[in-house]
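**Student:** my questions are about this predicted structure, shown below with the sequence.
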Amino acid sequence: MLEGAPMPCARKKLYLDALDYYRAAISKKPHDAPLYNKMGIVELLLCNAGRRARKDFENAIHADKALLRRLQQSWA
């Protein structure tokens, strides 16, 4: 794929469908860290590496309190 080439429409549609799926799943299981993580990855694939992807990854960390504690310990 060429650098900076637009994403094929079919692939972009699949990623957008995946985001819809993850949002629906999160509404049913709001503390499921892997769902937030997967949503963040899809945001990155859609080149939404700004606030949206970061927020998804932050939500994943906060949803998994054990992971949050491990990260805080490694930062200390």
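**Tutor:** Okay, I see it.
**Student:** angles on the backbone of D32, please.
**Tutor:** Dihedral pair for D32: phi -90, psi 100, per degrees, to the nearest 10.
**Student:** A24 versus that one, what's the distance?
**Tutor:** According to Cβ to Cβ, to the nearest Å, D32 and A24 sit 12 Å apart. For every residue, glycine as well, the C-beta is placed using N, CA and C.
**Student:** next one: I41
**Tutor:** I41 is 17 Å from A24, by Cβ to Cβ.
**Student:** pick out whichever of these two has more residues nearby.
**Tutor:** Ranked by neighbour count (other Cβ atoms under 10 Å), I41 and A24 place I41 first, with 16 against 10.
**Student:** what strand or helix carries that one?
**Tutor:** Assigned by DSSP states H and E, I41 falls within helix 33-45.
**Student:** that helix: which residues count as buried?
**Tutor:** Using 16 or more other Cβ atoms under 10 Å as the test for burial, helix 33-45 gives A33, L35, Y36, N37, K38, M39, G40, I41, V42, E43, L44, L45.
**Student:** what's the next helix-or-strand element following it packed up against?
**Tutor:** Counting by DSSP H and E, the next helix or strand C-terminal to helix 33-45 is helix 51-63. When contacts are defined as 3 or more Cβ pairs under 8 Å, 6 or more residues apart in numbering; DSSP states H and E, helix 51-63 packs onto helix 33-45, helix 65-75.
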